[in-house]
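**Student:** Turn this into a model:
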Amino acid sequence: MKVGDKSPKSKPLCPSFARIFTAFLRLGATSFGGPAMIAYIRRMAVEQSRWLDDATFHDGVALCQTVPGATAMQVAAYVGLRVRGVSGAACAYIGFALPAFLIMMAFSAFYVQTQAMPTSIAAFSGLRAIIVAMIVNSAITFGQNYLKHGRDMTITAFAAVAFAFGMNPILVILLAAMAGLIAFRDVKLPIKPYLQTNIPSTFRPLLMISSCAAAVFALLFAFHRDLFDLAALMFRIDLFAFGGGFASIPLMLHEFVDVRSWMDSQTFMNGIALGQVTPGPIVITATFVGYMLYGPVGGIVATFGIFLPSFLVLIAAVPYYDRLSRSVWFNRAVGGIFCSFVGLLASAAFHFAQDMPWDIPRALLALAAIAALLKKVDIMWVVLIGIGVSVLML
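**Tutor:** Below you'll find the predicted structure:
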């Protein structure tokens with residue numbers, strides 16, 4: 001074959017909607033590890049199914065890391081969007097999220113029935129120590145990625161102090177974005193070649209989906225104001241969750257525990273623990289919160305609210321990714337936002353640690369979990385082993 005020739009195998013394929021849905025349904029059923037699932041999505045979409053080439057996939061990952069929402073969920077939607085438009089994105093997004101939703105609904109029902117049992121109390125008591133470890137590890141990971149200079153540390157410290165003194169974390173994020181516009185004014189963006197996205201405008205389907213979502217919100221407002229408030233709050237949390245699923249934890253903690261007192265911090269930590277033994281992103285904890293408040297209907301409404309914004313943002317942004325990635329203002333603001341999440345996560349870890357009934361076994365369990373996570377041990381194994389150790393501590 002001559003250089004430059006293209007064999008049929010090199011041409012991206014155009015799968016059916018059913019094929020996209022079932023492919024991501026299978027991935028979603030085993031999607032433990034959050035962002036680690038991106039490697040498996042790439043293997044399926046690029047190497048096995050040949051839906052995308054490697055460069056296109058990596059462009060999508062870069063975009064998904066700079067818009068709000070759970071990164072792996074966003075990458076799934078991006079693949080669907082590139083191969084079959086907005087309908088393909090919806091098939092991939094729903095297929096990838098569906099197993100986590102169904103399992104979390106089942107776990108939530110089981111939790112309601114068994115939370116007073118001694119074994120459950122022991123398991124969740126130990127798991128709370130692991131949740132503290134997980135959030136500490138997330139803060140460290142964010143810090144390693146985004147804290148390079150003194151100005152980064154300053155924004156982080158401001159976010160941590162502001163959150164600790166009760167400032168609304170969304171306001172903290174907005175102020176951090178403004179600080180980024182000033183602090184990173186001398187940062188130069190690398191020169192990149194212009195890319196052809198080959199994606200038509202998504203304006204019409206975006207408008208249609210947004211209109212349908214608005215109708216759902218209107219019905220909730222008219223017939224069940226509490227469910228409307230739940231959906232609206234989840235929508236707002238996801239809209240500001242830059243940097244992946246863990247970035248939503250401080251926002252959830254502030255709204256669910258501190259402001260609205262929907263549950264105490266220990267129950268919320270139990271929800272996070274269930275989210276970690278459930279495939280899918282940690283934001284699936286929203287399903288647990290909705291179920292605890294209003295039963296199965298609450299779980300459905302909360303899930304709808306927490307996943308909708310990032311999907312809308314993604315399909316709106318992809319056609320303009322090249323321009324967005326070159327925007328100095330956008331990159332400066334996002335840089336400030338990412339720094340703020342280090343401080344928010346550190347403050348959330350401190351908040352949870354304060355509410356823990358610490359003793360020597362739990363302290364050792366938390367330290368062991370931090371060490372394991374820093375060594376890149378799969379988070380699912382850390383949680384499962386933590387359950388076993390917690391039960392033995394009974």
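**Student:** Please report the average pLDDT across the helix ranked longest in the chain, rounded to a whole number.
**Tutor:** Ranked by residue count, the top helix of the chain under DSSP state H comes out as helix 71-114. Taken as a whole, helix 71-114 has a mean pLDDT of 93.
**Student:** Ok, stretch 360-370 next?
**Tutor:** 88.
**Student:** about what we covered before: by contact count, what packs against the longest helix of the chain?
**Tutor:** When contacts are defined as 3 or more C-beta pairs under 8 Å, 6 or more residues apart in numbering; DSSP states H and E, helix 71-114 packs onto helix 17-29, helix 37-42, helix 54-64, helix 203-223, helix 265-276, helix 285-317. To be clear about C-beta, it is placed using only N, CA and C from the backbone, and glycine gets the same treatment.
**Student:** Switch those helices over to JSON lines; also include distance to His254 and mean neighbour count.
**Tutor:** Below are the helices and strands packed on helix 71-114 laid out as JSON lines (distance: least, C-beta to C-beta, whole Å; neighbours: other C-beta atoms under 10 Å):
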{"stretch": "helix 17-29", "distance to His254": "29", "mean neighbour count": "19"}
{"stretch": "helix 37-42", "distance to His254": "27", "mean neighbour count": "18"}
{"stretch": "helix 54-64", "distance to His254": "25", "mean neighbour count": "18"}
{"stretch": "helix 203-223", "distance to His254": "22", "mean neighbour count": "13"}
{"stretch": "helix 265-276", "distance to His254": "11", "mean neighbour count": "22"}
{"stretch": "helix 285-317", "distance to His254": "13", "mean neighbour count": "23"}
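**Student:** Next, format the ones you listed as JSON lines and append mean pLDDT and distance to Phe352.
**Tutor:** Shown next, in JSON lines, are the helices and strands packed on helix 71-114 (pLDDT from 0 to 100; distance: least, C-beta to C-beta, whole Å):
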{"stretch": "helix 17-29", "mean pLDDT": "93", "distance to Phe352": "28"}
{"stretch": "helix 37-42", "mean pLDDT": "84", "distance to Phe352": "25"}
{"stretch": "helix 54-64", "mean pLDDT": "84", "distance to Phe352": "28"}
{"stretch": "helix 203-223", "mean pLDDT": "94", "distance to Phe352": "31"}
{"stretch": "helix 265-276", "mean pLDDT": "87", "distance to Phe352": "6"}
{"stretch": "helix 285-317", "mean pLDDT": "95", "distance to Phe352": "13"}
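**Student:** Return the distance of the longest helix of the chain from the chain's centre.
**Tutor:** 12 Å (C-alpha atoms, centre = their mean, to the nearest Å).
**Student:** do stretch 229-245 as well
**Tutor:** 10 Å.
**Student:** Would you mind writing the CA trace of it as CSV?
**Tutor:** Taking C-alpha atoms only, stretch 229-245 is exported to CSV below (Å, rounded to 0.1, in the frame of the first residue of the first chain):
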residue,chain,number,x,y,z
ASP,A,229,-36.4,22.5,44.1
LEU,A,230,-34.5,19.2,44.1
ALA,A,231,-34.1,19.1,40.3
ALA,A,232,-33.2,22.8,40.1
LEU,A,233,-30.5,22.3,42.8
MET,A,234,-29.0,19.3,41.1
PHE,A,235,-29.0,21.2,37.9
ARG,A,236,-27.1,24.1,39.5
ILE,A,237,-24.6,21.8,41.2
ASP,A,238,-23.7,20.0,37.9
LEU,A,239,-23.4,23.2,36.0
PHE,A,240,-20.5,24.3,38.3
ALA,A,241,-18.8,20.9,38.7
PHE,A,242,-15.7,21.7,36.7
GLY,A,243,-12.9,19.1,36.9
GLY,A,244,-15.0,15.9,37.1
GLY,A,245,-17.3,14.2,39.5
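**Student:** So for that stretch, what gets flagged as buried?
**Tutor:** 230-231, 233-245 (16 or more other C-beta atoms under 10 Å).
**Student:** go on, stretch 385-394?
**Tutor:** Applying 16+ other C-beta under 10 Å to stretch 385-394 flags Ile385, Gly386, Ile387, Val389, Ser390 as buried.
**Student:** Only C-alpha atoms, please: export that stretch in CSV.
**Tutor:** Output of stretch 385-394 as CSV, limited to C-alpha atoms (Å, rounded to 0.1, in the frame of the first residue of the first chain):
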residue,chain,number,x,y,z
ILE,A,385,-11.5,-4.1,51.4
GLY,A,386,-12.6,-1.2,53.6
ILE,A,387,-16.1,-2.8,54.0
GLY,A,388,-14.5,-6.1,55.0
VAL,A,389,-12.2,-4.5,57.5
SER,A,390,-15.1,-2.4,58.9
VAL,A,391,-17.2,-5.5,59.5
LEU,A,392,-14.3,-7.3,61.2
MET,A,393,-14.0,-4.3,63.5
LEU,A,394,-17.5,-4.8,64.7
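**Student:** Thanks a lot, see you next time.
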